[in-house]
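Novice: sequence and computational prediction follow.
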Amino acid sequence: MNIVIALLLAYLLGSIPSGLWIGKLIFHKDLHEHGSGNTGATNTFRTLGVTAGMVVFIIDLLKGTLAVMLPMSFLFDIKGISPLIFGLLAVLGHTISIFDKFKGGKAVATSGGVILGYQPTFLLFLLIVFVIILILFSMISLSSISAAFAAIFGIAVFPAFHFILNNYNWFFSLIICIMSAVILVKHRSNMNRIRDHQESLVPFGFNLSHQNKRN
């Protein structure tokens, strides 16, 4: 019973639509009606401002981290089940939220939170990739897509050299592949806009792909 309750709690934790609720309660704006229509941190930044965006980012990140910590907490102390299962449920909750008519965000921050709770050094590598791509191309979407591909590359290559990941962990690799796939699927429309040079840009960086759309 403890396992079932913890799994359900992980999903519900991930389902908290922080951007949607903050937008409605504090700014009286429905994020579904502004910008990309997404309720994640990126659209919150663009629609509600930097402070709200940072708050939503931190909450979404911590949803993944706290979910990973659930089976090790004093509330449950569950043995024999990987904490990554709970993290994955939080990611699914974030993208298919029961509190938002089974809609949600693009899973970048929450996936990062899962990795932060399980393998923080690997997250640092992904963060470096994210920041480099952001500076070069001025697109959060492309940075997220690149980090997803970098995660797949990392789990395939790093253990062979005992760099960051000391050994191959098939279950961690599976979870990384699933989370990366979710991120890539959720960014399909962004990929189309990038191809058409119409993707939204942050107000800094080099915009090396020469996108035309600016916020």
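Specialist: In hand now; what should we look at? Because the structure is predicted, anything quoted here is derived from the model rather than measured.
Novice: tell me the contacts of Lys63?
Specialist: Residues in contact with Lys63, defined by C-beta atoms under 8 Å, 6 or more residues apart in numbering, are Leu13, Gly14, Ile16, Ala90, Gly93, His94, Thr110, Gly113. For every residue, glycine as well, the C-beta is placed using N, CA and C.
Novice: how many neighbours does the fourth one have?
Specialist: Each residue near Ala90 was counted by other C-beta atoms under 10 Å, and the total is 32.
Novice: pretty sure it sits against Leu12.
Specialist: No - the pair Ala90 / Leu12 is not scored as a contact, 9.0 Å apart, by C-beta atoms under 8 Å.
Novice: mind listing the shared neighbours of these two?
Specialist: With C-beta under 8 Å, 6+ apart applied, the contact sets of Ala90 and Leu12 do not overlap.
Novice: now do the phi/psi pair for Lys199.
Specialist: Slight slip there: residue 199 is Glu, not Lys. Note on Glu199: backbone dihedrals following degrees, to the nearest 10 are phi -80, psi 150.
Novice: next, count neighbours for it.
Specialist: Residues near Glu199, counting by other C-beta under 10 Å, number 24.
Novice: same question for Phe27.
Specialist: Neighbour count of Phe27, defined by other C-beta under 10 Å: 15.
Novice: tell me how far it lies from Val55.
Specialist: According to C-beta to C-beta, to the nearest Å, Phe27 and Val55 sit 12 Å apart.
Novice: buried ones in the longest helix seen in the chain?
Specialist: Criterion DSSP state H: the longest helix present in the chain is helix 140-161. For helix 140-161, the neighbour count (16 or more other C-beta atoms under 10 Å) marks 140-148, 150-152, 154-155, 158-159 as buried.
Novice: per-residue confidence averaged over the strand or helix carrying Ile133?
Specialist: According to DSSP states H and E, Ile133 maps onto helix 120-137. Averaged over helix 120-137, pLDDT sits at 98.
Novice: that helix versus helix 140-161: what angle between them?
Specialist: Taking axes from the mean of the first three to the mean of the last three C-alpha atoms, to 10 degrees, one finds helix 120-137 and helix 140-161 inclined to each other by 140 degrees.
Novice: contacts for helix 120-137?
Specialist: Residues contacting helix 120-137 (C-beta under 8 Å, 6+ apart): 112, 115-116, 139-140, 142-144, 146-147, 150-151, 154, 158, 164-165, 202, 204-209, 211.
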